[in-house]
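K.L.:
Make a model of this:
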Amino acid sequence: MKRAALIPFVAAAIAVVGVSMRASTPGQQGAPARPAWVADVDKVFAALDSPESPGCAVGLYKDGTIAYERGFGSADLEHNVPIGTDTMFYAGSVSKQFTAMAVALAIKQGLFGLDDDIRTLIPELPDYGSPITARHLIHHTSGLRDINTLMSIAGRRDEDAFDNDAVLRMLARQKALNFKPGDEHLYSNSGYAMLALLVERAAHVSFAEFAAANIFAPLGMTATHFHTDLGRLVKNRALAYDRPALGAIRLNTPQNERAGAGGLFTSVRELLAWDENFYTGRVGGRDVIAQLETPGKLNSGGPLVYAWGLQVGTYRGLSIVEHSGALGGFRAHIIRFRTQHFSAALLCNASAINPTDLSRRAADVYLKDVFAQPPPAPTGASTLPAAATGPRTAYTAAEIAGFAGTYYSDELETTYRLAVEGAEFLWLTRGVQRTRLPLQAGTRDEFRGAGSILRFERDAGGRVTGLTVDAGRIRGVRFVRRTP
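P.N.:
Numbers count the residues shown, from 1 in each chain. This next block holds a predicted model:
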């Protein structure tokens with residue numbers, strides 16, 4: 001990696017930082033004029049170009065150097081700190097490719113095997129009848145229920161801090177998998193938390209230490225780290241925000257002590273070294289790099305697009321490797337056009353920002369003479385899925401009252417309280433949040449709301465005795481009725 005890529009950021013009295021190894025800022029004495037494409041990339045992020053708004057750090061990498069780097073918006077709105085290219089962001093699930101590299105290195109060092117039963121090192125997990133392997137965890141085919149979803153339906157907040165020990169305690173209580181390992185692909189943060197734990201137990205050092213010694217230090221990524229200590233200071237750290245279409249910007253900076261599924265703090269300047277390693281193999285070697293970019297397969301032989309913490313696909317006719325990340329108000333995305341030796345990295349601090357769309361639009365500009373297919377229309381910010389539609393059961397007041405009561409799940413160690421309002425809605429209160437959530441009737445004995453489907457169970461006499469919950473990345477979590 002060139003030393004020029006590690007020049008420290010100077011907090012000058014400007015709201016936007018514009019630096020480039022290929023495109024100099026206007027007015028710089030003796031410097032070449034900026035290429036026309038630079039202004040076009042600037043326009044992609046123009047809506048974020050304000051000191052009154054959160055925004056993004058942007059890095060475009062070409063042939064092992066920084067072709068474009070710039071910060072848009074503020075890293076800390078309360079203290080008027082601009083985003084720079086050394087600003088440190090929480091990268092969410094972009095962390096998974098680093099975890100996958102750590103696993104590949106541990107396997108190469110002989111610490112465990114890709115197809116070993118993970119219960120050899122993590123015996124706390126239940127025996128579900130079919131072994132779960134590191135390969136299953138890597139490709140999201142393990143069937144393990146997703147920890148983020150489990151915490152959510154238990155009434156925990158995303159921004160609450162919990163470590164991998166807490167993840168393991170929750171997973172150890174799960175009585176079933178979503179499916180037999182290898183039969184399906186369903187994204188699960190639980191799998192990558194367990195991968196970090198595998199490395200930790202096999203190497204006899206913390207996962208953060210293993211990654212620092214085996215990945216970050218060899219690549220010269222001196223600030224990048226897995227953040228497993230809430231008290232650790234992070235120089236140039238960005239805060240994160242919600243930026244609703246209407247209303248005031250609100251702070252939404254999550255706490256984190258986990259590593260594996262997430263936990264990475266990094267900057268767009270330091271990500272250059274990581275991106276370039278996919279061409280040089282400096283860490284891991286070319287065999288490991290090829291492995292990281294190889295998608296998995298199901299038991300049936302059906303191919304996946306998910307490789308090792310990376311998704312493999314195409315965009316406008318060109319091959320890409322990419323991954324996104326999100327938690328609280330942080331958003332991140334890295335997309336690599338391997339044949340063109342070009343990548344775009346975005347680290348953002350507002351939940352309304354869609355870095356996947358923006359990274360593609362930046363690539364549209366830089367690679368405009370390479371693409372064979374026209375660009376798709378911009379998708380804009382991510383939106384919530386539309387409310388479920390379908391047949392709705394009409395209940396009498398007496399019938400709907402039969403669902404009210406308290407229900408307990410020992411898998412979640414959580415109580416659901418259901419109360420009646422009229423003859424159409426149940427209201428759900430769960431966990432520590434104590435927020436009343438409306439549930440709408442669907443098919444018989446099924447209610448939907450809060451991103452979940454509740455299916456009630458009855459005894460031979462027709463009395464409601466319990467329920468199960470499906471919610472995106474989890475299936476069949478059981479609750480037993482305790483009181484009417």
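K.L.:
For Ser324, grab the count of nearby residues.
P.N.:
20 (other C-beta atoms under 10 Å). All C-beta spots, glycine's among them, are computed from the backbone N, C-alpha and C.
K.L.:
Strands of the stretch 251-400 of the chain, start to end?
P.N.:
264-266, 311-315, 318-327, 330-337, 342-348 (DSSP state E, counting those that start in this stretch).
K.L.:
Kindly reformat those as TSV containing mean pLDDT and distance to Phe45.
P.N.:
Converted to TSV, the strands of the stretch 251-400 of the chain look like this (pLDDT from 0 to 100; distance: least, C-beta to C-beta, whole Å):
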stretch	mean pLDDT	distance to Phe45
strand 264-266	98	19
strand 311-315	97	19
strand 318-327	97	17
strand 330-337	98	13
strand 342-348	98	9
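K.L.:
So which of those has the densest surroundings on average?
P.N.:
A comparison of these by mean neighbour count, using mean count of other C-beta atoms under 10 Å, puts strand 342-348 on top with a mean of 28.
K.L.:
how about it as CSV, C-alpha atoms only?
P.N.:
Extracted in CSV, the C-alpha atoms of strand 342-348 (Å, rounded to 0.1, in the frame of the first residue of the first chain):
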residue,chain,number,x,y,z
PHE,A,342,-11.9,-0.6,-9.4
SER,A,343,-13.9,-0.4,-6.2
ALA,A,344,-16.2,2.1,-4.4
ALA,A,345,-16.4,2.2,-0.6
LEU,A,346,-19.0,4.2,1.3
LEU,A,347,-19.3,4.7,5.1
CYS,A,348,-22.3,6.7,6.2
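K.L.:
wait, is Leu439 part of a strand?
P.N.:
Yes - remark: Leu439 belongs to a strand, assigned using DSSP: H, G, I helix; E, B strand; the rest coil.
K.L.:
so it sits right up against Glu421, yeah?
P.N.:
No - distance between Leu439 and Glu421: 10.1 Å, which falls outside the contact criterion (C-beta atoms under 8 Å).
K.L.:
Could you name every residue contacting both of the two?
P.N.:
Trp427 (C-beta atoms under 8 Å, 6 or more residues apart in numbering).
K.L.:
still on that earlier bit, ok, which of the strands of the stretch 251-400 of the chain comes nearest Ser152?
P.N.:
Each of those has some distance to Ser152 by C-beta to C-beta; the shortest is strand 318-327, at 12.1 Å.
K.L.:
Could you export that closest one as CSV, CA atoms only?
P.N.:
The C-alpha coordinates for strand 318-327 follow below in CSV (Å, rounded to 0.1, in the frame of the first residue of the first chain):
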residue,chain,number,x,y,z
LEU,A,318,-19.8,-6.5,-15.2
SER,A,319,-18.8,-8.9,-12.5
ILE,A,320,-19.0,-7.5,-9.0
VAL,A,321,-18.2,-8.6,-5.4
GLU,A,322,-20.0,-6.6,-2.7
HIS,A,323,-21.5,-6.4,0.8
SER,A,324,-23.5,-3.9,2.8
GLY,A,325,-23.8,-3.1,6.5
ALA,A,326,-26.3,-1.4,8.7
LEU,A,327,-26.9,-0.9,12.5
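K.L.:
Where does pLDDT dip in the stretch 251-400 of the chain?
P.N.:
378-390 (pLDDT under 70).
K.L.:
Domain map for this protein?
P.N.:
Following automatic domain parsing, one finds the domains of the chain at 90-366, 397-483.
K.L.:
picking up where we left off before, which of Leu439 and Glu421 has more neighbours?
P.N.:
A count of neighbours by other C-beta under 10 Å puts Leu439 above the other of Leu439 and Glu421, at 20 against 12.
K.L.:
Look up which residues are beta-bridged to the more buried one.
P.N.:
On the basis of DSSP bridges, Leu439 is bridged to Leu426.
K.L.:
would you list every one of the helices in the chain?
P.N.:
With helices called from DSSP state H, the chain shows them at 36-44, 95-108, 134-138, 147-153, 164-172, 189-203, 207-211, 217-219, 268-280, 286-292, 355-366, 397-401.
K.L.:
Mind checking those helices for the one nearest to Leu412?
P.N.:
The nearest among those, by C-beta to C-beta, is helix 147-153 at 6.5 Å.
K.L.:
Show me how far the closest one is from its chain's centre.
P.N.:
14 Å (C-alpha atoms, centre = their mean, to the nearest Å).
K.L.:
for it, packing partners?
P.N.:
Helix 147-153 sits against helix 164-172, helix 189-203, with contacts defined as 3 or more C-beta pairs under 8 Å, 6 or more residues apart in numbering; DSSP states H and E.
K.L.:
Recalculate using a threshold of 10 Å.
P.N.:
Where contact means 3 or more C-beta pairs under 10 Å, 6 or more residues apart in numbering; DSSP states H and E, helix 147-153 is packed against helix 164-172, helix 189-203, strand 414-421, strand 452-458, strand 464-470, strand 477-483.
K.L.:
before we move on, the earlier item: is it possible to get JSON lines of the domains of the chain that adds distance to Pro374?
P.N.:
Compiled in JSON lines, the domains of the chain are given as follows (distance: least, C-beta to C-beta, whole Å):
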{"stretch": "domain 90-366", "distance to Pro374": "7"}
{"stretch": "domain 397-483", "distance to Pro374": "33"}
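K.L.:
residues in contact with Arg173?
P.N.:
126, 150, 409-413 (C-beta atoms under 10 Å, 6 or more residues apart in numbering).
K.L.:
among those, who's most crowded?
P.N.:
Going by other C-beta under 10 Å, Leu150 tops those with 27 neighbours.
K.L.:
any idea how far Met170 is from that residue?
P.N.:
6 Å (C-beta to C-beta, to the nearest Å).
K.L.:
so what sits against both of the two?
P.N.:
Common neighbours of Leu150 and Met170 (C-beta under 10 Å, 6+ apart) are 156, 190, 411-412.
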